[in-house]
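Colleague: sequence plus predicted model, see below.
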There are 2 protein chains.
Amino acid sequence: MLKFALLGFLNYYPMTGYDLKQAMDRSTTHFWHARLSQIYTTLKTLEGEGCVASTLEAQQERPDRRVYAITDRGREALQQWLAQTETELSPKKETLVLKLFFSARLDRQTVLTQLRLQRDLHHRQMLYYREGVSRDIEQEAKEHPELAQDAVLWEATRRFGEMYEELYVRWLEETIHLVEEQPAS
Amino acid sequence: MLKFALLGFLNYYPMTGYDLKQAMDRSTTHFWHARLSQIYTTLKTLEGEGCVASTLEAQQERPDRRVYAITDRGREALQQWLAQTETELSPKKETLVLKLFFSARLDRQTVLTQLRLQRDLHHRQMLYYREGVSRDIEQEAKEHPELAQDAVLWEATRRFGEMYEELYVRWLEETIHLVEEQPAS
DNA sequence: CGCACCATGTAATGCGTTACATGATTTT
DNA sequence: AAAATCATGTAACGCATTACATGGTGCG
């Protein structure tokens, strides 16, 4: 799946593995993320499959860069993936919710500390989508005017992140009240 | 991480791998899931670590059952995990959102078909949390009255699932309108 | 002086899925 | 007659993380 994310970015313009990591961190990280090590190995695989091609660029005063560009075959693979309908829901893994599920016998203060910390984290994340991600999208759209159409959908995915964090904060607040008002066992 | 989910369930009462799969499917599946094959191998690992102990029960007219029970060491491991504060956000992977991010050059009808199908799937899932999961929790609480305290938190996690699906449907509807009203490229 | 940034990769390990393998009973 | 339920497991593979390994530049 990371393959397609990388192809998607390279379909905008050529980039290095390092660039791709930064692009993801500034845009898709809340719904798709990867480590640098995985990006580098996946690029190698994609090159083996003929979906991308790389050229080594020497730089003075900086390490060499290996710049990847998408090929016709890569564009085709990307299109095919995009057009293929998703007939299932993405499976989720939410550690906090799992923990809460089993926390009835845990002392109340520990549970509340847990929930309040997460509320703060999600609140901060919500502000980040509203401010940081918003700014990054606008900047990228300004630097690459040919991607204006794309930016509309980037904004839609940003909105998903924002709404998700709003929901999380709301739910945590509900749940904190619930735990506070539970009679002692 | 699956380890702790299994310990959590076995902390209620002893179960087989098959039972554990069903328990998960009826309760945690929207925030934590696993395949039977993984459950069986993880139980074996847990037994090797002394966190659970199993006994083979012969049955007439049915295959033998290997029933797992949590040990003191297992209870300790579970408690420690539960009490340990989560200082990070759970990373998400949302295939649909990733696809949408890169879909600007895809023809509009394909995108809309994709989004509408997902809206229906999430809507159905929302109803399932409201009806199916709700019922399952109530039934389990009725069958095991000693788990009444636990059921309060189960309900809180069910509520998370419901709110999440509501959000998803809302976002998809927003996004469908957005795509419908986009001027052609 | 230390940290962050730029820049690339490999190796070992862990987690999770898919496929393989079996087989009786109960429900539709 | 076919499908679902009960019931257990192994093997191969793929995806992802962590740790290892290197090294120069620029900023506070």
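Modeller: Nice, I can see it. Residues are numbered from 1 along each chain as shown, chains lettered A, B, ... in the order given.
Colleague: give me the element A:G74 is part of.
Modeller: Per DSSP states H and E, A:G74 falls inside helix A:72-83.
Colleague: actually A:F160, not the one I wrote
Modeller: Remark: A:F160 resides in helix A:148-181, with elements defined by DSSP H and E.
Colleague: in that helix, which residues are buried?
Modeller: A:150-151, A:153-169, A:171-172, A:175-176, A:179 (16 or more other C-beta atoms under 10 Å in any protein chain shown). C-beta here means a position set from N, CA and C on the backbone, and glycine is covered the same way.
Colleague: centre of the chain to stretch A:43-50, how far?
Modeller: Its chain's average C-alpha position is 22 Å from that of stretch A:43-50, according to C-alpha atoms, centre = their mean, to the nearest Å.
Colleague: now what about it, what contacts it?
Modeller: A:K3, A:L6, A:L7, A:G17, A:L20, A:V52, A:A53, A:S54, A:Y68, A:T71, A:R73, A:G74 (C-beta atoms under 8 Å, 6 or more residues apart in numbering or on different chains).
Colleague: okay, the third one: pLDDT?
Modeller: Meaning A:L7. Note on A:L7: pLDDT of 98.
Colleague: ditto for the last one
Modeller: A:G74 is assigned a predicted lDDT (pLDDT) of 98.
Colleague: contacting residues around the spatially closest residue to it that is not a sequence neighbour?
Modeller: With C-beta to C-beta, 6 or more residues apart in numbering or on different chains as the criterion, A:G74 has its nearest non-adjacent residue at 3.4 Å, and that residue is A:C51. Shown in contact with A:C51 (C-beta under 8 Å, 6+ apart): A:K3, A:L7, A:I70, A:T71, A:R73, A:G74, A:A77.
Colleague: next one: A:E173
Modeller: By C-beta under 8 Å, 6+ apart, the neighbours of A:E173 are A:R119.
Colleague: in the least confident helix or strand in chain A by mean pLDDT, what counts as buried?
Modeller: Every helix and strand of chain A was ranked by mean pLDDT, DSSP states H and E. The lowest is helix A:134-143, at a mean of 92. Of the residues in helix A:134-143, A:D136, A:I137, A:E140, A:A141 count as buried by neighbour count, 16+ other C-beta under 10 Å.
Colleague: closest to A:S90 out of the residues you listed?
Modeller: Proximity of these to A:S90 (C-beta to C-beta) peaks at A:I137, which lies at 22.4 Å.
Colleague: list the contacts of that closest one.
Modeller: Applying C-beta under 8 Å, 6+ apart, we find A:I137 in contact with A:S27, A:A151, A:W154, A:E155, A:R158.
Colleague: nearest to chain B, of those?
Modeller: For the contacts of A:I137, the residue nearest chain B by C-beta to the nearest C-beta is A:W154; the value is 6.2 Å.
Colleague: OK, contacts around that closest one?
Modeller: For A:W154, counting by C-beta under 8 Å, 6+ apart, the contacting residues are A:S27, A:I137, A:E140, A:A141, B:F101.
Colleague: now do it, the pLDDT please.
Modeller: Per-residue confidence at A:W154 stands at 97 (pLDDT).
Colleague: how about A:G132?
Modeller: Note on A:G132: pLDDT of 89.
Colleague: which SS class is the residue nearest in space to the middle of chain A?
Modeller: Nearest residue to the geometric centre of chain A (C-alpha atoms, centre = their mean): A:T29, 1.9 Å. With DSSP: H, G, I helix; E, B strand; the rest coil as the basis, A:T29 sits in coil.
Colleague: how far away is it from A:V111?
Modeller: Relative to A:V111, A:T29 is positioned 29 Å away (C-beta to C-beta, to the nearest Å).
Colleague: ok, the residue nearest to the centre of chain A to B:E162 distance?
Modeller: Here A:T29 is placed at a distance of 26 Å from B:E162 (C-beta to C-beta).
Colleague: same question for A:R135.
Modeller: Taking C-beta to C-beta, one finds A:R135 at 33 Å from B:E162.
Colleague: could you do A:T55 as well?
Modeller: 51 Å.
Colleague: how about A:L6?
Modeller: 35 Å.
Colleague: great, nothing more from me.
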